[in-house]
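A.B. asks: take this sequence and fold it.
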Amino acid sequence: MFGIICVLLGVILVGFLIVKRYYAPWSLFLVGIILLAVMATISPEPLLHGAKSATKSAFFDVIQYFTNQSKSILVGLGLNIMIISGFADYLDKIGATRSMVEIAAKPLSYVKSPYLLLALAYALGQLINVFIPSAVGLGVLMMLMVYPLLISVGCSNVAAVACIITMSALDLGPASANSILTAKLASISPMEYFVDGQIPVAIVTVIAVAATHFFYQKFMDKRDLASGKLTAKDFELHSEFEVKDERKSAPKIYALFPVLPIVLLFIFSKFVYSGYRVELATAMMTCTLFSFLVDCLYTRNFRKSCENIKSFFSGMGRVFASTVSLIICAGVFADGLKATGGITTIINAAASMEGTGGMIMLLVMCGIMILASFVTGSGNAAFFAFSSLLPTAAKSVGWDILVMACPVQLVAGIARSMSPIAGVTISVAKIANVSPFAAVARTIPPMIVGTMVSIAASFVFL
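C.D. replies: Reported below is the predicted structural model:
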């Protein structure tokens, strides 16, 4: 019972600190250290065992958890995420990202039915999210390319904003930090997780969410217009509409650059040819070098191309401060929760419920992710904090890890799209001059449908 109380207090304290906008990584680290310190004080046994991990001092053992997490994360997962971010920033710098979105969004201009266009735009955005894993970056680009189209055919500004906010909800693809972490938990490659785990579930979920957007946004626009909540001006592009986007235009051929890593990883995998073992970081670095060489040949300005490549390394440093540090500190927090014994008690209780234990465990984990993502506005913070519990939870009820982890990972991103304080919500709503709360009032019903469908589809396909 003491362990469960410690777990609850730890989760509540972390939630309070993050909601109050304290620095999330340090909040997770501090609460994890407090839990570990408490257990080191009352436990007769040392927290760490083994010559490589233990320090033989209770005080240093507590701090050693951070060292152990850093060594584990930075060598594999952290390096992958940093290189992906560097590649993404470099593509932004040379204009390749914008070129891809311009080409992909072009066919939408031929669709004249307002809510059919909105549903198709959502599906297209979710597809592009595979190649542009940044929710805010994708949202800004879609506000530039797609938002004016949606308004011009007759969608309201709030309906268009809701659609664009949810385009990154499923957090798909081997370039997603949450996807990479899930693949690591399942001991498979990110590409295998994407193809075998995410794609079957995502196809059904995207169709369900697109259909919900079609009917719900159409119904709400009609109702709000009749009630006076919306006026004719809400169906027009306001005069001060401006998207501040530093991405420059680039040759159309550059649109292939964001797609190259996915193609490379797919070709050199069990799905096509496994004779060569190409890791994620290797694929990203190969594509970075190729993009650099093409840029050099096209611009014929070697100095300028070398200046541009600095954004690659700047992007690596930026994501270390924002994401990799979060993963490390979340690992320390998870270690603290585990050390109390409360997690083991909860998992054993669920495992003892024959027939229903797995479902209850999955619903509990999804509930935690939804609450944490909603109150923090970050799917990463929520998933990183609690994902390490998934393998033990799945094993305790005899489930395959993918059946447990895939819906939980997807739900973390879905819940972020329902949060009024999420970065993508605030950014997109501000550009359109729409209240974030009005925007999420339109995202919540489609995301509830997405949550239910993704969980059900995981049982069917995984």
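A.B. asks: residues in contact with S189?
C.D. replies: S189 sits next to 174, 183, 265, 269, 280 when contact means Cβ atoms under 8 Å, 6 or more residues apart in numbering. Any C-beta I mention is one placed from the backbone N, CA and C, and that applies to glycine too.
A.B. asks: next up, phi/psi of it, please.
C.D. replies: phi -80, psi 150 (degrees, to the nearest 10).
A.B. asks: if we can go back for a sec, just the buried ones from the contacts of S189?
C.D. replies: 174, 183, 265, 269, 280 (16 or more other Cβ atoms under 10 Å).
A.B. asks: of these, which belong to helices?
C.D. replies: If you go by DSSP state H, the buried ones among the contacts of S189 have 183, 265, 280 in helices.
A.B. asks: can you redo those residues as JSON lines with distance to S378?
C.D. replies: What follows is these, written out as JSON lines (distance: Cβ to Cβ, whole Å):
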{"residue": "A183", "distance to S378": "20"}
{"residue": "L265", "distance to S378": "26"}
{"residue": "L280", "distance to S378": "22"}
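A.B. asks: just to revisit the earlier point, L237: which of the buried ones among the contacts of S189 is nearest?
C.D. replies: P174 (36.3 Å; Cβ to Cβ).
A.B. asks: show me where the stretch 51-200 of the chain dips below the pLDDT cut-off.
C.D. replies: Confidence mapping of the stretch 51-200 of the chain against pLDDT under 70 gives the ranges 51-54.
A.B. asks: rerun that using 50 as the cut-off
C.D. replies: For the stretch 51-200 of the chain, no stretch is flagged by pLDDT under 50.
A.B. asks: read off the pLDDT value for D245.
C.D. replies: pLDDT for D245: 60.
A.B. asks: thinking again about what came up before, now tabulate the contacts of S189 in TSV and tack on distance to L108.
C.D. replies: As requested, these are arranged in TSV below (distance: Cβ to Cβ, whole Å):
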residue	distance to L108
P174	26
A183	32
L265	28
S269	31
L280	31
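A.B. asks: can you list contacts of the helix or strand where K304 lies?
C.D. replies: Secondary structure from DSSP states H and E places K304 in helix 302-319. By Cβ under 8 Å, 6+ apart, the residues outside helix 302-319 that reach it are 81-90, 92-94, 288, 292, 295-296, 299.
A.B. asks: now those: which count as buried?
C.D. replies: 81-90, 92-94, 288, 292, 295-296.
A.B. asks: let me know the closest of the buried ones among the contacts of S189 to A372.
C.D. replies: The closest of the buried ones among the contacts of S189, once distances to A372 are taken by Cβ to Cβ, is A183, at 21.0 Å.
A.B. asks: doesn't Y193 make contact with that closest one?
C.D. replies: Yes: using Cβ atoms under 8 Å, A183 makes contact with Y193 at a distance of 4.0 Å.
A.B. asks: overlap in contacts, the two.
C.D. replies: Counting by Cβ under 8 Å, 6+ apart, the residues touching both A183 and Y193 are P174.
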